[in-house]
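> Kindly return the folded structure for what I paste below:
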Amino acid sequence: MSKAPKPSSRNGRDELRAEYQFDFRKSRPNRFASRFGKGAVAVVLEPDVAQVFDSSKSVNRLLRSVIEAVPSRRARGTRKAG
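Sure, this is the predicted structure:
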């Protein structure tokens, strides 16, 4: 059985190059871009949190209810550090 060669690195760490050459001719459009509406923001949920929600609609519904329950900063006024 032959062993696969180990990638070479200094001190066992990956090293960043000073400069990377990117061939834009090989680039492709983002295939997931159509899933997001204008102004949408992608957020990564921790695995235990993601298990609770089955869709982005359920996450948004919960967050909107929290927003309604919390008094807005404008209504409370701004506090000065003292």
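
> can I get the CA coordinates of stretch 32-47 in PDB?
The C-alpha coordinates for stretch 32-47 follow below in PDB (Å, rounded to 0.1, in the frame of the first residue of the first chain):
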ATOM      1  CA  PHE A  32     -27.400  31.000  -5.600                       C
ATOM      2  CA  ALA A  33     -28.000  34.700  -6.200                       C
ATOM      3  CA  SER A  34     -31.500  34.200  -7.500                       C
ATOM      4  CA  ARG A  35     -32.600  32.800  -4.100                       C
ATOM      5  CA  PHE A  36     -32.100  36.200  -2.400                       C
ATOM      6  CA  GLY A  37     -34.300  39.200  -2.900                       C
ATOM      7  CA  LYS A  38     -33.000  42.700  -3.200                       C
ATOM      8  CA  GLY A  39     -31.600  43.800   0.200                       C
ATOM      9  CA  ALA A  40     -31.600  40.300   1.600                       C
ATOM     10  CA  VAL A  41     -28.800  39.300   3.900                       C
ATOM     11  CA  ALA A  42     -27.500  35.800   4.400                       C
ATOM     12  CA  VAL A  43     -26.900  34.700   8.000                       C
ATOM     13  CA  VAL A  44     -25.300  31.400   9.100                       C
ATOM     14  CA  LEU A  45     -27.200  29.700  12.000                       C
ATOM     15  CA  GLU A  46     -25.400  27.500  14.500                       C
ATOM     16  CA  PRO A  47     -26.400  23.800  13.900                       C
END
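
> switch to numbering from 85
Okay, using 85 as the starting number, the last item reads as stretch 116-131.

> what sits up against that stretch?
137, 143 (C-beta atoms under 8 Å, 6 or more residues apart in numbering). For the C-beta atoms, the positions are set from N, CA and C on the backbone; glycine is no exception.

> Next, the buried residues of that stretch.
Buried residues in stretch 116-131, counting neighbours by 16 or more other C-beta atoms under 10 Å, are absent.

> next one: stretch 136-149
For stretch 136-149, the neighbour count (16+ other C-beta under 10 Å) marks residue 143 as buried.

> who's in contact with it?
Stretch 136-149 is contacted from outside by residue 129, using C-beta under 8 Å, 6+ apart.

> I'd like the distance from that stretch to the chain centre, please.
Mean-position distance between stretch 136-149 and its chain equals 17 Å (C-alpha atoms, centre = their mean, to the nearest Å).
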